[in-house]
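Asker: Sequence first, then the predicted structure, then my questions.
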Amino acid sequence: MRFFTIICKNLLRRRTRSLLTIAGIAIGIGAVVALASLAWGFEASWVRTYTARGTDMIVTKVTSQSPIPAPFAEEREKDLRALPHVVQASGLLTDLISIEDAPTVLVFGWKGDAFLWEHLHLVSGRWPENDSEPVVVLGSVAADMLNKTIGSSVQIETGTFQVCGIFESSALAENGAVILRLPQMQRITEQDGKVNFINMKLAPGTTQQQIDELRRAIATRLTGFKAFTAGEIAQNNTGIQVAKAMSWATSGIALFVGAIGVMNTVLMSVFERMHEIGILLAIGWRRSRILRMILFESILLGVIGGIVGCAAGTVAVKLLENTPLLRGKIQGEFSVFLFALALAISIGLGALGGLYPAVRGSRMQPSEALRYE
Amino acid sequence: MTEAQTTKSSTPVLVEARDLCRTFDEGRVEALRGVSFEIGEGEFVAVQGPSGSGKSTLLQLLGALDAPTSGELRFRGNRFNLLGDIAAFRARTVGFIFQSFHLLPTLSALENVQIPMFEMPWPASERRKRATALLEAVGLGDRLGHLPPKLSGGERQRVAIARALANEPAFLLADEPTGNLDSVSADRIMDLLVKIHAERGMTIVVVTHDATVARHAGRVLRMLDGRIVSQESAAPTAG
């Protein structure tokens, strides 16, 4: 018989308690995996929004940390086109607008000749044909949400539009968006001649060093403007930052509750096992060996709980992604790093939960511990 | 009431107790009130007395499961509290047998006997070999894989005795070893202890309230209210 055999037998004997502890850890870890993957997925979907559009850099006017940057004159586009490595530059106007009785929806005003249209896939209907036509195209999720089909009319701010097409995008955010021609957007938001983003396409093979030079050139030529790459804009987005902070906070609470649960379970089991600890001390086991036994047991529970939690969190996110209410709106981002982190946390939890009871159990006088029945 | 002088000059002294006191509850309960005696190497001593006379407390002090409030205990001339590694002393020098067996219920007879051996530098195969031999010696060669709940009281106590012998200790301490057994099983356990004493020459101290058990011993220390009130040498039973 080996030391590990004793540990396994101890856990198997207290089957219900072991299963409850594993469930407690798994719930905490599952919550962490699910929430973190959703927060990272949210960020990743924004990065994909820009990369799918073929956008390499986005230029906005530096403002306070509001989710939607302030508008500026669309002529700035020409200044940017004159810079080296810039192949295309296209201004657009974006806002979050409450449409009819739906919550706020992302509304984009794009120029008719913008390269942005190229990555969208038309599911039904047609694209807007000219700048004066009062039509919009809807992302598939937005169409569902607003309950519109081709030919329906949509009230956006002061304007009434007809739905002329429904599209799909590889970017989650765009599937929930409404797109119209820039002049129409400028009219309803009363921002004539203004845009709040300029998306730029750079020459293929532009190096990071050249991107940095370009960034400096933009900062000097256009005072008050700043250029971001797709990844950076996701990181600087207030909405994403709030979502990430929320998910970490919720994960933290889930972990805390999980840790207390583990601690409680291990502690109770040590009090139940005082007698057994007394026997082991009486027959000469060292305190360090008893400490190791209890600690290994709780670490083993942490490992199993962590693995179950990773699986449960993944399944939960996959189920959520496929519920009718959330389809197309959320997307979990799973990585080896996330699972490794979750496992490390659960092993840490197990060790921490087991440490106090282990120390306490091993410090008893054998005669005192033997009195527990 | 005079304190019994308990010496035995013919054999070297294994354990020497001087004026042992043990109080509980911040001095409100006095379990031992100044106990002195010596136990020689290879002796079979019974400590007899009614419940509450302090005999189990005394045995726990001898087995280093507890420490005296005052007084001195010496093992082969060395003071207990200076033994250093108290766990090693418990593991290698003392074998403890309890009234309620105290076996680990999830481990088989063979595994229970191996538990103390983790403190010895023996590989797993050696632990297994030794435990098997010990269980055969106590007549349980056909019960190796049985879990304690599947064994009778007498069989459980025999597993406990095999466990106490696991690391070849210098002395065996038995606290009411027959207290939970019927008379037939009790006799067999006492016969086994007598046999171990005879064959291995091992020092044995048995605590009991039962005069028939005490009869097996070479010497009987009688206790009352935390003191040794008399000691008598019986005719040696065996060996």
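Answerer: Good, I have the coordinates.
Asker: For chain A, give me the ranges with low pLDDT.
Answerer: A:63-67, A:234-237, A:258-259, A:261-262, A:265-267, A:269-270, A:327-328, A:373 (pLDDT under 70).
Asker: show me where it has helices.
Answerer: A:3-13, A:15-53, A:76-81, A:140-146, A:172-175, A:182-188, A:208-221, A:230-236, A:238-272, A:274-282, A:287-321, A:336-362, A:366-370 (DSSP state H).
Asker: now these as CSV including distance to chain B and mean neighbour count?
Answerer: Where you see a C-beta, it was placed from the backbone N, CA and C, and this is true even at glycine. What follows is the helices of chain A, written out as CSV (distance: least, C-beta to the nearest C-beta, whole Å; neighbours: other C-beta atoms under 10 Å in any protein chain shown):
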stretch, distance to chain B, mean neighbour count
helix A:3-13, 4, 16
helix A:15-53, 11, 22
helix A:76-81, 74, 17
helix A:140-146, 56, 21
helix A:172-175, 52, 22
helix A:182-188, 72, 21
helix A:208-221, 58, 14
helix A:230-236, 53, 17
helix A:238-272, 12, 17
helix A:274-282, 5, 23
helix A:287-321, 7, 20
helix A:336-362, 11, 19
helix A:366-370, 4, 21
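Asker: how about the ones you listed, which one is nearest B:R90?
Answerer: Each of the helices of chain A has some distance to B:R90 by C-beta to C-beta; the shortest is helix A:274-282, at 6.7 Å.
Asker: How about residues contacting the closest one?
Answerer: Contact with helix A:274-282 is made by A:270, A:287, A:289-290, A:361-362, A:364-373, B:63, B:65, B:87, B:90, B:96, B:98, B:102, B:104, B:115, as judged by C-beta atoms under 8 Å, 6 or more residues apart in numbering or on different chains.
Asker: Include distance to A:A114 when you put the helices of chain A into JSON lines, please.
Answerer: Below are those laid out as JSON lines (distance: least, C-beta to C-beta, whole Å):
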{"stretch": "helix A:3-13", "distance to A:A114": "62"}
{"stretch": "helix A:15-53", "distance to A:A114": "9"}
{"stretch": "helix A:76-81", "distance to A:A114": "10"}
{"stretch": "helix A:140-146", "distance to A:A114": "19"}
{"stretch": "helix A:172-175", "distance to A:A114": "13"}
{"stretch": "helix A:182-188", "distance to A:A114": "8"}
{"stretch": "helix A:208-221", "distance to A:A114": "19"}
{"stretch": "helix A:230-236", "distance to A:A114": "16"}
{"stretch": "helix A:238-272", "distance to A:A114": "23"}
{"stretch": "helix A:274-282", "distance to A:A114": "73"}
{"stretch": "helix A:287-321", "distance to A:A114": "30"}
{"stretch": "helix A:336-362", "distance to A:A114": "36"}
{"stretch": "helix A:366-370", "distance to A:A114": "77"}
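Asker: Backbone dihedrals for B:S233, both of them.
Answerer: With angles defined as degrees, to the nearest 10, B:S233 sits at phi -90, psi 130.
Asker: Now do B:V35, the pLDDT please.
Answerer: What the model reports as pLDDT for B:V35 is 95.
Asker: does chain A sit close to the strand or helix carrying it?
Answerer: Per DSSP states H and E: B:V35 is located in strand B:29-40. No. Strand B:29-40 lies out of reach of chain A by C-beta under 8 Å from any C-beta of the partner chain, never closer than 10.9 Å.
Asker: Going by neighbour count, list what's buried in that strand.
Answerer: B:30-32, B:35-40 (16 or more other C-beta atoms under 10 Å in any protein chain shown).
Asker: Which one of the residues you listed is nearest to chain A?
Answerer: B:A31 (10.9 Å; C-beta to the nearest C-beta).
Asker: Now do the SS call for B:R222.
Answerer: Three-state assignment for B:R222 (DSSP: H, G, I helix; E, B strand; the rest coil): strand.
Asker: can you tell me how far it sits from B:G154?
Answerer: Distance, B:R222 to B:G154, using C-beta to C-beta, to the nearest Å: 27 Å.
Asker: returning to that earlier point: please name whichever of the helices of chain A is nearest to B:A217.
Answerer: helix A:274-282 (22.6 Å).
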